[in-house]
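Q: coords please:
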Amino acid sequence: MSTIARIPFSVLDRSRTRHGRAAPHALRDTVRFAQRIEALGYHRFWVSEHHSVPGVAGSAPTVLAAAVAAATSTIRVGTGGVMLPNHQPLVVAEQFGVLESLFPGRIDMGLGRSVGFTDGIRAALGRDKRDADDFPGRLAELLGYFTGTQTAHPQVHALPAEGLRPPAFVLATGKGARVAAEAGLPLVIAPARGEDAMLRAIDAYRADFRPSAWGERPHVVLSGTVAVAPTTEEARRLLLPEAWSTAYSRTHGSFPPLVPADTVLATPMTAREQALYETAWRGQLHGTEDEVAAGLDKLLARSAADEYLVTTSTYDGDALLDSYERLAALLGLRPPAAVSA
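A: Now for the predicted structure:
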């Protein structure tokens, strides 16, 4: 049996906006997309947190997760993630306590250590870059509200969170892998700095992992872009809009709405934009079913990952869904009626 047939595959959707369509439309698309992803048999569906980013409508992940959970019935729903430095741990605990109470056994608490994208956003949130340094302390306080062991505010109880245990995950940005190991939590990691750097971080995480009330052993979730199409060229076209948006963000300071692949191909690029555009392809898997299966098998064999979180975005919603359908067929996913909740 191939590696990809032995582990769960899940989906992260960032509610990307598309040129000519308003942000509210993107949020409604996310909810409908989650319903289709559930029908295909994927394991989890996560949403993200981005503030004041024109190309991303997902700004309130726990609110959106509630809408997704209400519109689905079997798939696990969570965040990838709530950026803990942006929020008070008590409030985050209360929000996930409500979610877990309303949708018991289906909620995942994915947590990140990033702060606002710009100085203006950080000021509006009442935060600064130094708040990311206190991520371990904030994380410990948050988890303590669920177990009743937090000591930052001894007289405070997070209701209805106390006594509940939604699974918690740490997104590996910066020092995230080390924090996950020390807290005894699952790690979500992407090859942002290259595959070799990612594998070294995974090795260190496993070596340093400390069993906790939240996890007895290391658990690694790989995160990345996967595009499947009838031909290699069609699969590559799926990734053009996001690659261009990423390059644009590095030169203009903000993510723009996604545009059609033909628009990207007709857009002149400076040398710097071209270099950033090529860099944006790093770590992405695309191609026919056979090509993607070979790439995933190789990556999962090298990493010994426990799960894979697919994060693909593109302008063409129908083509995106077709890619996920092809991937589901490749993985042999079962419909939700055949999967335990």
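Q: burial count for the closest residue to Val53 other than its chain neighbours?
A: Distances taken as C-beta to C-beta, 6 or more residues apart in numbering put Phe255 closest to Val53, at 5.1 Å, once the chain neighbours are dropped. Using the backbone N, CA and C atoms, a C-beta is placed for each residue, glycine as well. Residues within reach of Phe255, counting by other C-beta atoms under 10 Å, total 21.
Q: for Ile107, phi and psi?
A: Main-chain torsions, Ile107, degrees, to the nearest 10: phi -100, psi 130.
Q: Arg138 too?
A: phi -60, psi -40.
Q: residues near it, how many?
A: The number of residues packed near Arg138 is 20, by other C-beta under 10 Å.
Q: my guess is it meets Asn86, correct?
A: No: under the criterion of C-beta atoms under 8 Å, Arg138 makes no contact with Asn86, lying 10.0 Å away.
Q: touching whatever helix or strand Val91 lives in from outside, list them.
A: With elements taken from DSSP states H and E, the one containing Val91 is helix 89-102. Applying C-beta atoms under 8 Å, 6 or more residues apart in numbering, the contact partners of helix 89-102 are 62, 65-66, 69, 77, 82, 84, 107, 109, 111, 138-139, 141-142, 145-146, 150, 152-153, 156, 158-162, 164, 166.
Q: of those residues, buried ones?
A: Neighbour counting with 16 or more other C-beta atoms under 10 Å marks 62, 65-66, 69, 77, 82, 84, 107, 109, 111, 138-139, 141-142, 145-146, 150, 158, 161-162, 164, 166 as buried within these.
Q: ok, and the closest non-adjacent residue to Ser115?
A: Let me fix one detail, which is that residue 115 is Val and not Ser. In this structure, Val115 finds its nearest non-sequential neighbour in Pro85, 4.8 Å apart by C-beta to C-beta, 6+ apart.
Q: how about Ala190?
A: The shortest distance from Ala190 to any non-neighbouring residue, by C-beta to C-beta, 6+ apart, is to Ser223 (4.2 Å).
Q: please identify the helix or strand for that neighbour.
A: strand 220-224.
Q: quick check: buried residues in that strand?
A: Buried residues in strand 220-224, defined by neighbour count with 16+ other C-beta under 10 Å: 220-224.
Q: that older thread, taking helix 89-102 as reference, get the angle to the helix or strand that the helix holding Val91 is followed by.
A: Going down the chain from helix 89-102, the next helix or strand is strand 107-112, by DSSP H and E. Relative orientation of strand 107-112 versus helix 89-102 (axes from the mean of the first three to the mean of the last three C-alpha atoms, to 10 degrees): 160 degrees.
Q: so which elements touch strand 107-112?
A: The helices and strands touching strand 107-112, judged by 3 or more C-beta pairs under 8 Å, 6 or more residues apart in numbering; DSSP states H and E, are strand 44-47, strand 76-79, strand 82-83, helix 89-102, strand 168-171.
Q: look at Arg178 and report its pLDDT.
A: For Arg178, the pLDDT comes out at 94.
Q: I'd assumed Tyr205 was in contact with it.
A: Yes: the criterion here is C-beta under 8 Å, and Arg178 meets it with Tyr205 at 7.5 Å.
Q: of the two, who's got more company?
A: The neighbour count for Arg178 versus Tyr205, taken as other C-beta under 10 Å, is higher for Tyr205 (25 against 17).
Q: low pLDDT regions in the chain?
A: For the chain, the stretches with pLDDT under 70 are 1-3, 5, 117, 131-132, 337-341.
Q: ok, the residue nearest the centre of it to Arg236 distance?
A: With distances taken as C-alpha atoms, centre = their mean, Gly80 lies nearest the centre of the chain, 3.7 Å away. According to C-beta to C-beta, to the nearest Å, Gly80 stands 25 Å off from Arg236.
Q: over to Leu159?
A: As judged by C-beta to C-beta, Leu159 and Arg236 stand 50 Å apart.
Q: what's the longest helix in this protein?
A: helix 232-252 (DSSP state H).
Q: ok, and for that one, which residues are buried?
A: Across helix 232-252, burial judged by 16+ other C-beta under 10 Å covers 234-249.
Q: and those residues, which is closest to Glu273?
A: Proximity of those to Glu273 was ranked by C-beta to C-beta; the top entry is Ala247 with 5.2 Å.
Q: thought that closest one was touching Leu276?
A: Yes: here Ala247 reaches Leu276: they are 3.9 Å apart, a contact under C-beta under 8 Å.
Q: and of the buried residues of helix 232-252, the nearest to Phe209?
A: Of the buried residues of helix 232-252, the one sitting nearest to Phe209 (C-beta to C-beta) turns out to be Thr246, at 31.6 Å.
Q: leaving out chain neighbours, which residue sits closest to the closest one?
A: Closest to Thr246 by C-beta to C-beta, 6+ apart is Ala280, at 4.1 Å.
Q: going along the chain, name the helices of the protein.
A: Taking DSSP H, the helices of the chain run over residues 23-40, 61-71, 89-102, 119-125, 135-147, 176-183, 195-208, 232-252, 261-265, 271-279, 289-303, 317-331.
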